[in-house]
Structures are given as C-alpha cells and as structure tokens.
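Colleague: Sequence and predicted model, in that order:
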Amino acid sequence: MANQPDGRRRSDVVDRTQDTAPRDRRDDDSRPRDRHNDDSRRPEGRPWRTEGLSDGGRPPESPRWGRVAVWIAVAWLAFFALASFQDAATSRVATVSYTEFTQQVSEGNVEEVFSRGQSIEGVLTEAAELPEGDATYRQFVTERPTFAQDDLLAELEASDAVVQATPITQERGLLSNLLISLLPLVLIVAFWVWIFRRQAKKMGAGGAGGLLGGKKTKPVDPEEVRVNFDDVAGIDEVKDEISEIVDFLRNPDKYTRLGAKVPKGVLLEGGPGTGKTLLARATAGEAQVPFFSASASEFIEMIVGVGASRVRELFAEARKVAPAIIFIDEIDTIGRSRSSSRSMGGNDEREQTLNQILTEMDGFSGTEGVVVIAATNRADVLDDALTRAGRFDRKVTVSAPDQVGREQILAVHTRGKPLAADVELAQVARTTPGMTGADLANLANEAALLAARREQDQIHAKDFADALEKVQLGSERSVVMPEEERLRTAYHEAGHALLGMLQPGADPVRKISIIPRGRALGVTLSTPETDRYGYDVAYLKGRIIGALGGMAAEQEVFGVTTTGAESDLQTVTAIARQMVGRWGMSPTIGAVQVYPDEGDARQNGASESLLEAVDAEVRALVDECYDEARRLLRDNRDRHDAIVAALMEHETLDETEAYAAAGLTQAPARPLLVGAAPGSPGRPADESAAH
C-alpha cells in the first residue's frame, strides 16, 4: 500500500457485503430524495414532513391581527419620536445670570416673563449674545437671589414686558409622559412575545403554540404523485410482509369483521441505505393514506417537555386524517433502553419523549387507524417497553439486496437514463456485492455524471466501471512521486495482491494500482464472486495474511517497514479481536463472547484476567499470520517481482493482467457456509478489500 500524504501508508478495506460495525451514514433511502421528502414539505414550526395532504403541510398565512399589531406599533413609535422631537425643539433655553437678566430688562429687551418662586423664565424681544460670546439666545431662565432689593416688577412694567400667568416653556404633555413611562414595559412585553412565538413555532400548533394559529389538515389530494411499491426493488420478501398493513388500511372491514386489529407499530431494522425510509413512504403511497415522517432526534430540545409536546401534536395531526401512517426514523435516538442510558443529570427530556410515544401507542389515546413505522439499525439497544407486543407488534429486517435484488434496484435507478448497448445491469450487479440501494443509486448517478463530463449521448459500461472505482477507491489524484517511493508502493501493493492470490478460496484480486486515489497512493481491490453470509477460520486467517502482505513485503524487500501499514493493522486487529473475543474461534478462550456489540468489555462482565488472555491470543494469532505472510513472500519472490515490474510499467493491472503477471490461475471461489445465519452481527472487518 502506498504512503499517504500525511506520511502513512494506507490499506483501505472497503466492505461491500458486510461490515464489522454500523456505518455512520444515516440515509436509509435507496432512491434519491424527491419533492415529497424535502424541507418544502415540512410544516413550519414542526419537525415532521407530510405527504398525502392537499395543502402539502404548508402553514397558513400570518393572521391579520398580527399585521395590524405591527402597524399600531409603528404608529406608536412614530408618534413618540415626533413628541420627543418637539420636546427637544422647545428645550433650547439658555441659563443666564441674574445680572444679565436685569441688564436686558434695563435695555427694554425683555418681551415676556414668568416667575415661579425665585425661578424666572422669559423671552427676549431680540436675540442677545451670551456673555461667553459663543452663541445667541432669546429664551432664557434665571434665578432671582433672595437678597435682591430691586423692584423687579416695576422695572418690567416700565420696559413694557408682559408678565405671564402660565409657563412660557411648556412641560411635556400627559401623553408624552405616559408613552415614556410605558416604553420599558412595552419593550419587555415585546421581548417575551418574541420568545413565545419562537418557542410556539418549534412546538407546533399544539399546546401553547396553538394560540398563535396552526395548520388545518386537509383530505388526501388524489392528484398527488407519490411513491409506491413499484419504486421499491430488491426487497420483495419485505414488501410481502408489509403488504398486509397496506391491505388493512385499504380494506379495514375485511379484518375488523373477524375481530382482527392492525398492528400498531412496525419496526424496520437494517443497515444504513437499505431502503427503510423509502419502504415506509411506499407503504403510505400504496395504501393512499396521509404520511407523516420525522427523525427522532428532531423531537429533542434543551427545554424539557418540548419533545413530548411535539409527539402529542404529531399523533393528534395523524388522528385527524386517520387512517394514516407515522414514520419515525432513527428511533434508537430516543428509544434506547432507559436502564442502560441513565446517567448523572438524567435524560429527562429524552425519557419524557419516549414515555409520550409509549402512551400514544398504548391505546389509551385512541390511536385506532394510525400505524407507526419506525426505523433503526440498532434494534438491540431499544427499550423493552417500546418493542413489546401491543406497541411494535411486527419487526421486519431490511437487509442489503442480493445479486438479483441489486439488478432490480439498478433497473429502477436507470429509468430515464440512456444506456448504451454494452451495459449489462446483471454484470454490474455481480461486481457490487454488499452495496445497498443507496449505494447503487449513487453508482448510477456517478456513471451518468461521468458520461456527461465526457460529452456522451449514452452511458456506457466503462462509465459504470469507472464510477464503481471512484465510489470504492476514491478519485484519482495527480501526485508526482519519486521513483523510490513508486517502487516501495509497488512492492507494498504487490504483496497484498500476491498473498490474496495464494490463499485457497480467497476473494479474487480485481485490480492493482499505484495511481494515487483519495488519501491513498496505491490500492489493491479484492471482491467476492458471490454474496457471503458466513466465514470460517481459514478464510478469516487468509484475510489477515492478505492484509499483512504490504507490511511483510516492505520488511522482506527493504528490511524496514513504514507508517503505510497503519490502516492494514487496524483491519488486522479488528478481525483478530472478533475471532477471539466474539466468534469463539480460539481454543484457549473457548466459545464465549468477551466483546459486546458496543461499550467496554468490562461492562459485559469480563474479568481482567480474561481480557489479558484475549489480548495474548490476539497477539499470537497476528504473529502467526505475519510469519506465514513473510514465508509465502520469500517462497514466491519471483512472482512478487514480476507483479512489481508490471505495475511499474503500466501503473494499473486488472484481474486478468494481475494473475498473468504472477503466473497464476484464479482459484475457484470458496463455497458459502450453509450453516451461517444471513445478516448475523458477526462479520469480518471488510469483505472486499482495497489495500
């Protein structure tokens, strides 16, 4: 495996049939999202989306009183601003000394005055200059000293000044004072109304939010184009199991006259991308009933009680248009076992939301005619109260499609796409083991994008092949490597490939390349001929030996190893630990499961001595496989060098060229283990390896 840009050599193992741990991607649709599954279908202020409602779930226009209130507030602010402006305009009064005032009186320049106690205010006949000389004034105010002995009134009368009985400077009016005094209160009330409306939008129209108006649910629009079972492919057995729900929603009398009741809940369990969401939407579309969908995480908020309120509102909306279907995606987000998820500080909001769902599904709220479909990829962590009979009565496993199913899914996703004559969907399905519906949808889209980039009128087989390489291995990068680094990369990748060819019943090597892709500077791709459901010890040891091929090749040829084996060691450690600690493949440890599906092994009751024994067995297993990898490379050094020479010349070798360079013929595929349970949680780290 070639060195990565960050100094590591990467051996990416891409499992296209089964994975060791749940994958991070949470998209369960096996088809691209259409107009029924985007945010435009989400009612404002509600965390769910709707289908089958003639108004599309869109909120009504804002009530008229809201707009009137806005205009009243604007007018109030305008009046207040005008009053303040007038007050400011009338408040330009100069404060002068009593000496300055008496001088203006003696000059006969005082037009009128008003006195209240010792305070005197007035207006000059003509503007006078302030003693400071920096401005002029007409309106003034002054204070008469208590020791003044002058006859001020006589002097004013002599100068023809008018003595007023009312203040010359009018005080602020009652309305202005009222507005000013109410302003803080109005601002506080406005702030809380704003907070209230924001919270109401989050909670939906139920509860307190209902005071602000809500969406009126309308009957189903017959003209609306919706997803049905024709759009779901590759999971026929699952559709057959769900079809009973559809028949009940269509013909309830057929069952009620016999005393039968429709299952209240259906739990869809399966990995990401297997089509759980699409199946739920298709069920509603096939039954022609309203469909409400939401992610469980969207119910949770920081404010305790919001989640429960949203659940009540969702079920209330569904009952209004019953029969209806409610779909809750990622139910494990809020439905985890309460005994295992309890922590300091509690999960009050999560538990209240879960309790509300349990109450709504329990029958006390009259949910007749409302079917709840939930999806999860971790059904093992759900609370027992949620999965018991009477709530989720039916559990349906949605697995990755087999070869026939993949061909059917590809046919769905290539509708409307012009395919060239050389495209065989059956062949594409054979080369994509382990891919889910979402993966195949992405593959078909990538092939179409490549064809458009190449300015073709049709999608050719090469477009699908290149798109598959891009999806599995990453895009090619233009990196100029030194010749020494290219040689080391070639030996690393050739080591992976040769050991894969030499292992009996191993997955065939499909491609070897020293062209940088993604973060890796070289890749070796191996995929099985058919879907695998079970693995024996010999096959898993062969996987470990093949993954150690790059590191062993560096040690044998160059005498040192590099950081490029980091990803290889991660894969090796994962497989070895599961063999010893989960699958009972170590005679020393025995048929016990030490490592749980999640969490610490100590929480599973494992003692320190047992964990130490497991670590010792894992180390012994890896050392044994590493010694075998080095021995095989020493014994087949001529084949190793031949593959390297071909890689240095051509950079990329396909399956035929790789086996020809090694002078080997492809061994027959290992038969499937009939005793293995399909879809069992125990799986090697990756099925198709890109080292």
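Modeller: Alright, I've got the coordinates.

Colleague: what's the spacing between residue 544 and residue 538?
Modeller: 11 Å (Cβ to Cβ, to the nearest Å). For every residue, glycine as well, the C-beta is placed using N, CA and C.

Colleague: Looking at these two, which one has more neighbours?
Modeller: Legend: neighbour count by other Cβ atoms under 10 Å for residue 544 and residue 538, higher for residue 544 (26 against 13).

Colleague: residues making contact with the lengthiest strand in the chain?
Modeller: Using DSSP state E to define each element, the chain has its longest strand at strand 119-129. For strand 119-129, contacts defined as Cβ atoms under 8 Å, 6 or more residues apart in numbering pick out 93, 101, 104, 108-115, 135-144, 161, 167-169.

Colleague: got it, and stretch 376-394?
Modeller: With contacts defined as Cβ under 8 Å, 6+ apart, stretch 376-394 is touched by 22, 241, 263-272, 330-332, 335-338, 340, 354, 357-358, 361-363, 372, 374, 395, 597-598.

Colleague: Can you turn the buried part of these into a ChimeraX selection?
Modeller: To isolate the buried ones among these in ChimeraX, judged by 16 or more other Cβ atoms under 10 Å, type:
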select :263,264,265,266,267,268,269,270,271,272,330,331,332,335,336,337,338,354,357,358,361,372,374
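
Colleague: In strands, which of the contacts of stretch 376-394 fall?
Modeller: 265-269, 372, 374, 395.

Colleague: out of these, who's nearest residue 662?
Modeller: Comparing the ones in strands among the contacts of stretch 376-394 against residue 662 with Cβ to Cβ places residue 269 closest, at 42.9 Å.

Colleague: Tally up the residues packed near the closest residue to the closest one other than its chain neighbours, please.
Modeller: The shortest distance from residue 269 to any non-neighbouring residue, by Cβ to Cβ, 6 or more residues apart in numbering, is to residue 379 (4.3 Å). A count of neighbours around residue 379, defined by other Cβ under 10 Å, yields 20.

Colleague: same deal with the one 3 residues further on?
Modeller: Residue neighbour count, defined by other Cβ under 10 Å, stands at 20 for residue 382.

Colleague: Bridging across strands, which residues link to it?
Modeller: Counting by DSSP bridges, residue 382 is bridged to residue 336.

Colleague: Might you list the low-confidence residue ranges for this protein?
Modeller: 1-74, 76-92, 165-177, 179-180, 198-225, 301-305, 338-348, 363-368, 597-605, 667-691 (pLDDT under 70).

Colleague: Tell me the helices and strands packed up against the helix or strand following the longest strand of the chain.
Modeller: Using DSSP states H and E, the helix or strand that directly follows strand 119-129 along the chain is strand 136-143. Helices and strands touching strand 136-143, by 3 or more Cβ pairs under 8 Å, 6 or more residues apart in numbering; DSSP states H and E, are strand 94-95, helix 98-106, strand 119-129.

Colleague: chain center to strand 136-143, what's the gap?
Modeller: Its chain's C-alpha centre and that of strand 136-143 lie 71 Å apart, by Cα atoms, centre = their mean, to the nearest Å.

Colleague: need the contact list for residue 647.
Modeller: By Cβ under 8 Å, 6+ apart, the neighbours of residue 647 are 490, 493-494, 512-514, 653.

Colleague: switch to 7 Å and redo it
Modeller: Counting by Cβ atoms under 7 Å, 6 or more residues apart in numbering, residue 647 touches 490, 493-494, 512, 514, 653.

Colleague: cool, residue 130 as well?
Modeller: Contacts of residue 130 by Cβ under 7 Å, 6+ apart are 94, 136-137.

Colleague: can you check residue 646 too?
Modeller: 653, 657, 661.

Colleague: following the helix or strand hosting the first one, which helix or strand comes up?
Modeller: Spelled out, it's residue 653. Using DSSP H and E, residue 653 maps to strand 652-654. Following strand 652-654 in sequence order, the next helix or strand is helix 655-662 (DSSP H and E).

Colleague: now that following helix: how far from the chain's centre is it?
Modeller: 43 Å.

Colleague: quick one on the thing from earlier: can I get the contacts of residue 647 in CSV including distance to residue 627 and neighbour count?
Modeller: Shown next, in CSV, are these (distance: Cβ to Cβ, whole Å; neighbours: other Cβ atoms under 10 Å):
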residue, distance to residue 627, neighbour count
490, 24, 23
493, 21, 30
494, 19, 33
512, 24, 31
514, 27, 28
653, 28, 26
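
Colleague: Among those residues, which pair sits farthest apart?
Modeller: 490 and 653, at 10.4 Å, using Cβ to Cβ across those.

Colleague: Let me see the contact set for the closest residue to residue 431 other than its chain neighbours.
Modeller: Setting aside the residues directly before and after it, residue 431 is nearest to residue 468 in space (Cβ to Cβ, 6+ apart), at 6.4 Å. Residue 468 sits next to 431-432, 443 when contact means Cβ under 7 Å, 6+ apart.

Colleague: wait, which of those residues is closest to residue 318?
Modeller: Nearest member of the contacts of residue 468 to residue 318, counting by Cβ to Cβ, is residue 443, at 36.1 Å.

Colleague: Quick check: that closest one touching residue 465?
Modeller: No. In this structure residue 443 lies outside contact range of residue 465 using Cβ atoms under 7 Å: 10.5 Å.

Colleague: When those two are compared, which one has more neighbours?
Modeller: Per other Cβ under 10 Å, whichever of residue 443 and residue 465 has more neighbours is residue 443, with 24 against 17.

Colleague: For the more buried one, what is the enclosing helix or strand?
Modeller: Residue 443 belongs to helix 437-453 when elements are defined using DSSP H and E.

Colleague: Now that helix - C-alpha only, PDB.
Modeller: The C-alpha coordinates for helix 437-453 follow below in PDB (Å, rounded to 0.1, in the frame of the first residue of the first chain):
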ATOM      1  CA  GLY A 437     -29.900   0.600  -2.500                       C
ATOM      2  CA  ALA A 438     -28.400   4.000  -1.600                       C
ATOM      3  CA  ASP A 439     -25.000   2.800  -2.800                       C
ATOM      4  CA  LEU A 440     -26.500   1.600  -6.100                       C
ATOM      5  CA  ALA A 441     -28.400   4.900  -6.600                       C
ATOM      6  CA  ASN A 442     -25.100   6.800  -6.100                       C
ATOM      7  CA  LEU A 443     -23.300   4.500  -8.500                       C
ATOM      8  CA  ALA A 444     -25.900   5.100 -11.300                       C
ATOM      9  CA  ASN A 445     -25.700   8.800 -10.700                       C
ATOM     10  CA  GLU A 446     -21.900   8.800 -10.800                       C
ATOM     11  CA  ALA A 447     -21.900   6.900 -14.100                       C
ATOM     12  CA  ALA A 448     -24.300   9.400 -15.600                       C
ATOM     13  CA  LEU A 449     -22.100  12.300 -14.400                       C
ATOM     14  CA  LEU A 450     -19.100  10.700 -15.900                       C
ATOM     15  CA  ALA A 451     -20.900  10.200 -19.200                       C
ATOM     16  CA  ALA A 452     -22.000  13.900 -19.200                       C
ATOM     17  CA  ARG A 453     -18.500  15.000 -18.400                       C
END
